[in-house]
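Engineer: Quick one, fold the following:
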Amino acid sequence: MLEAEKRAKQEGRTLLVLDTREGDPSNSLYTSLGYIQAGRIPDYAKSANGEFHPTIFYYKKTN
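Structural biologist: Reported below is the predicted structural model:
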């Protein structure tokens, strides 16, 4: 993840945006890396069993 951020910065990216299903372990990872929660969309991600789950959007400035 840190390598991807480094590459994005080298390419002149100033804002990184990502999302992940609410409740996944990646939520803790992203906040620990300095990403800020921007919002939640209900019923966005569909799991293998057909159930829908909310997603959380995060952003981080690279400058």
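Engineer: Find the residue closest to Y44 in space, skipping its chain neighbours.
Structural biologist: Spatial nearest neighbour of Y44, excluding adjacent residues (CB to CB, 6 or more residues apart in numbering): T55 at 4.0 Å. Bear in mind the C-beta positions are built from the backbone N, C-alpha and C, glycine included.
Engineer: For whichever strand or helix holds that neighbour, buried residues please.
Structural biologist: Following DSSP states H and E, one finds T55 within strand 52-61. Neighbour counts over strand 52-61 (16 or more other CB atoms under 10 Å) mark T55, I56, F57, Y58 as buried.
Engineer: you'd agree the second one is up against P42?
Structural biologist: No. At 10.8 Å, I56 and P42 do not qualify as touching, with contact defined as CB atoms under 8 Å.
Engineer: Which strands or helices does the strand holding T55 pack on?
Structural biologist: strand 15-21, helix 26-32, strand 36-46 (3 or more CB pairs under 8 Å, 6 or more residues apart in numbering; DSSP states H and E).
Engineer: tell me the most buried of the ones you listed?
Structural biologist: For the helices and strands packed on strand 52-61, the largest average neighbour count (mean count of other CB atoms under 10 Å) is found in strand 15-21, namely a mean of 15.
Engineer: list the buried ones in stretch 5-13?
Structural biologist: Within stretch 5-13, the residues scored as buried using 16+ other CB under 10 Å are E5.
Engineer: got CSV for the helices and strands packed on strand 52-61, with distance to E3 and mean pLDDT too?
Structural biologist: Shown next, in CSV, are the helices and strands packed on strand 52-61 (distance: least, CB to CB, whole Å; pLDDT from 0 to 100):
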stretch, distance to E3, mean pLDDT
strand 15-21, 13, 97
helix 26-32, 14, 96
strand 36-46, 21, 97
